[in-house]
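Engineer: Using only what follows, build the 3D model:
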Amino acid sequence: MMYCKHFGLWGAPFTFTPATSQFFLSKPHREGLAALEWGLLHEPSGFTLLVGDPGVGKTTLIGRVLADYYQRIRCVTLPNPRLNPEEILRSILDQLNVFPKSLSKLDLLYGFETYLSGLRAGQSVVIVIDEAQDLSDDALEEVRLLSNLGSTEEKQLRFLLVGQQELMTRLSNPGLRQLNERIGARAILNALQPDDARKYIAYLLASKGGSTNSIFEPKAIEHLIQHSGGIPRRINILCHNALVNAYSNGSKRVSLDIARKTVVEGENILTTATPFDGSKIAGQSPVRRAQSLLLPTAAIAALAALVLGTRYLPAQPLVSGAPAHKLEHPSNLEAAAPREPQKVSAPSDVALRDFSDPVSFPKFTEISLKQSPELRHSISVQPGDTLQIIAIRQLGSDLELPRLIRANPQLKDMNLIYPGETVYLPNPD
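Structural biologist: So this is what the prediction gives:
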């Protein structure tokens, strides 16, 4: 990170998604951790509820529990709450590498039941449903019915419903009473109190060789904490951006003025844009006109990365040694004879679309291609790692888990990886 050396740090202390190794056990997190451990290991009903505001640390807390008990828990994540009941079941089986003979509901349930019966004693499947407050009533009822699968002597299938405060309101509806009564373990992850927030900042700085007093003025810390609302993710973003602003000013400490500037930038970034005036560049040469358009675009992208957080600042390159593209000299381009357009055949699993039609042009298109092994970056599995934890640590979010799974077809069981095993990271593009 650009400011680390300036402040005498050996790494970035404030990241958008904290690593499991940087887990800070505040009082709310201790209570949540105890509830999760009970729910995912011992709760007879098989249902655990975890609610909290966005950015309060729910994903980090879940990652800690899964890292501690990875040998006993096979984790399945459902990050998309918009799935219908049948799609939920198919997604679960896909992540468990269970392939029934057909996609009929009966065969899907039979394949799931067979998989659960093959688990060793003490093992269980935990299905983590994120943003569960957005599930439909039919999907929540399907989840309740699925909980009846598995052995009756030992609970082999458990569900962790994760969401915001609205989830508790949803569950109180009469139509969901049966599911609500089954949820035995419940945890509410609250925001940090000011004292815990100060300890949290000090802990993250100390983990990278720094200290609060040497980098932040006391009033600057209080101002940032006040405007963060005690939400760890907001604390990380504000502190990171304050360090960037201090580094840009050549200051060795974050002053109160810098903290105020950081807060104002974060709150007003979308309301201070200057309207575009094309008359100022109408008479410029084509080259100068292109430069005047590109420079503001780059500045806006950089500013957005600073304000929105460090998820846009990769901690390390995923691919190294990529060949640079060679730019042809303009004279060679003009002299080259026009070529006939070539037909390119797509892989069998890629559907070609007519991008000339603006109606059918997709907002985002993801094409799954086989990766060349020599272009992939590999890592070694550490004790306590799961694929979900690796996705969070290396790719910035557990939403990248499906791409990570597709990049590792050599793994026979995606929910059971061992220390020292090689895992490939997907290509960035």
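Engineer: show me where pLDDT drops low in the stretch 201-350 of the chain?
Structural biologist: Across the stretch 201-350 of the chain, residues meeting the criterion (pLDDT under 70) sit at 269-350.
Engineer: let's see 80
Structural biologist: Regions of the stretch 201-350 of the chain meeting the criterion pLDDT under 80 cover residues 267-350.
Engineer: Now do the host helix or strand of Arg403: which elements does it pack against?
Structural biologist: Secondary structure from DSSP states H and E places Arg403 in helix 401-406. Counting contacts by 3 or more C-beta pairs under 8 Å, 6 or more residues apart in numbering; DSSP states H and E, helix 401-406 packs against helix 387-395. C-beta: built from backbone N, CA, C; applies to glycine.
Engineer: quick one: contacts of the helix it packs on?
Structural biologist: By C-beta atoms under 8 Å, 6 or more residues apart in numbering, the residues outside helix 387-395 that reach it are 17, 19-20, 59, 63, 66-67, 75, 77, 318, 379, 381, 397-401, 403-405, 408, 414-415, 417, 423, 425-426.
Engineer: sorry, back to before: CA atoms only: put the helix holding Arg403 into PDB for me.
Structural biologist: C-alpha atoms of helix 401-406 as PDB (Å, rounded to 0.1, in the frame of the first residue of the first chain):
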ATOM      1  CA  LEU A 401     -16.600 -18.500  -4.000                       C
ATOM      2  CA  PRO A 402     -18.200 -19.900  -7.200                       C
ATOM      3  CA  ARG A 403     -15.300 -18.700  -9.300                       C
ATOM      4  CA  LEU A 404     -12.800 -20.200  -6.900                       C
ATOM      5  CA  ILE A 405     -14.600 -23.500  -7.100                       C
ATOM      6  CA  ARG A 406     -14.600 -23.500 -10.900                       C
END
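Engineer: for it, the distance to its chain's centre please.
Structural biologist: 13 Å (C-alpha atoms, centre = their mean, to the nearest Å).
Engineer: One more: stretch 71-80?
Structural biologist: Relative to the centre of its chain, stretch 71-80 is centred 15 Å away, using C-alpha atoms, centre = their mean.
Engineer: Please state the mean pLDDT value computed over that stretch.
Structural biologist: Stretch 71-80 carries an average pLDDT of 86.
Engineer: how long is that stretch end to end?
Structural biologist: From its first residue to its last, stretch 71-80 covers 26 Å (C-alpha to C-alpha, to the nearest Å).
Engineer: list the buried ones in that stretch?
Structural biologist: Ile73, Arg74, Cys75, Val76, Thr77, Leu78, Pro79 (16 or more other C-beta atoms under 10 Å).
Engineer: Please apply the same query to stretch 189-198.
Structural biologist: Applying a neighbour-count criterion of 16+ other C-beta under 10 Å, one finds Leu189, Asn190, Ala191, Leu192, Asp196, Ala197, Arg198 buried in stretch 189-198.
Engineer: what pairs with the first one across the strands?
Structural biologist: According to DSSP bridges, Gly52 are recorded as the beta-bridge partners of Leu189.
Engineer: My guess is it contacts Arg30. True?
Structural biologist: No: counting by C-beta atoms under 8 Å, Arg30 is not a contact partner of Leu189; they are 10.8 Å apart.
Engineer: overlap in contacts of these two?
Structural biologist: Shared contacts of Leu189 and Arg30 (C-beta under 8 Å, 6+ apart): none.
Engineer: For PyMOL, write a command that selects the buried ones of the contacts of helix 387-395.
Structural biologist: A single PyMOL command is used to select the members of those judged buried by 16+ other C-beta under 10 Å:
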select buried, resi 17+19+20+59+63+66+67+75+77+318+381+398+400+401+404+405+408+414+415+417+423+425+426
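Engineer: Mind checking which of the contacts of helix 387-395 land in strands?
Structural biologist: Mapping these onto strands (DSSP state E) picks out Cys75, Thr77, Ile379, Val423, Leu425.
Engineer: sorry, back to before: go through the buried residues of stretch 71-80 and say which is closest to Asn249.
Structural biologist: Pro79 (39.5 Å; C-beta to C-beta).
Engineer: Now Ile196. Nearest residue, chain neighbours left out?
Structural biologist: Let me fix one detail, which is that residue 196 is Asp and not Ile. Leaving aside its sequence neighbours, Asp196 sits nearest to Ser26 (C-beta to C-beta, 6 or more residues apart in numbering; 4.4 Å).
Engineer: Please name the residues that touch that neighbour.
Structural biologist: Counting by C-beta under 8 Å, 6+ apart, Ser26 touches Leu192, Asp196, Lys199, Tyr200.
Engineer: Also Leu179?
Structural biologist: Residues in contact with Leu179 (C-beta under 8 Å, 6+ apart) are Phe47, Leu140, Glu141, Val143, Arg144, Leu171.
Engineer: Quick check: the nearest residue to Leu78 once chain neighbours are set aside vs Gly32, distance?
Structural biologist: Leaving aside its sequence neighbours, Leu78 sits nearest to Ile129 (C-beta to C-beta, 6+ apart; 4.8 Å). Per C-beta to C-beta, to the nearest Å, Ile129 is found 17 Å from Gly32.
Engineer: now do Asn180
Structural biologist: 20 Å.
Engineer: Show the average pLDDT along the helix holding Arg403.
Structural biologist: Averaged over helix 401-406, pLDDT sits at 88.
Engineer: Need the contact partners of that helix.
Structural biologist: Helix 401-406 has contacts (C-beta under 8 Å, 6+ apart) with 77, 79, 95, 368, 387-388, 390-391, 395, 414, 423, 425-426.
Engineer: re the thing from before, who are the contact partners of the residue nearest to Leu78?
Structural biologist: For Ile129, the contact set (C-beta under 8 Å, 6+ apart) comprises Leu78, Pro81, Leu135, Val143, Phe159, Leu160, Leu161, Val162.
Engineer: And Glu31, by the same measure?
Structural biologist: Here Glu31 is in contact with Ala187 (C-beta under 8 Å, 6+ apart).
Engineer: Now do the same for it: helix, strand or coil?
Structural biologist: helix (DSSP: H, G, I helix; E, B strand; the rest coil).
Engineer: Ok, Leu49 next?
Structural biologist: Following three-state DSSP, we place Leu49 in the strand state.
Engineer: The closest residue to it other than its chain neighbours sits in which helix or strand?
Structural biologist: Among residues not flanking Leu49 along the chain, Arg186 sits closest, at 4.5 Å (C-beta to C-beta, 6+ apart). Applying DSSP H and E as the criterion places Arg186 in strand 185-189.
Engineer: Show me the contact partners of that strand.
Structural biologist: Contacts of strand 185-189 (C-beta under 8 Å, 6+ apart): 28-29, 31-32, 35-36, 38-39, 43, 47-52, 56-58, 61.
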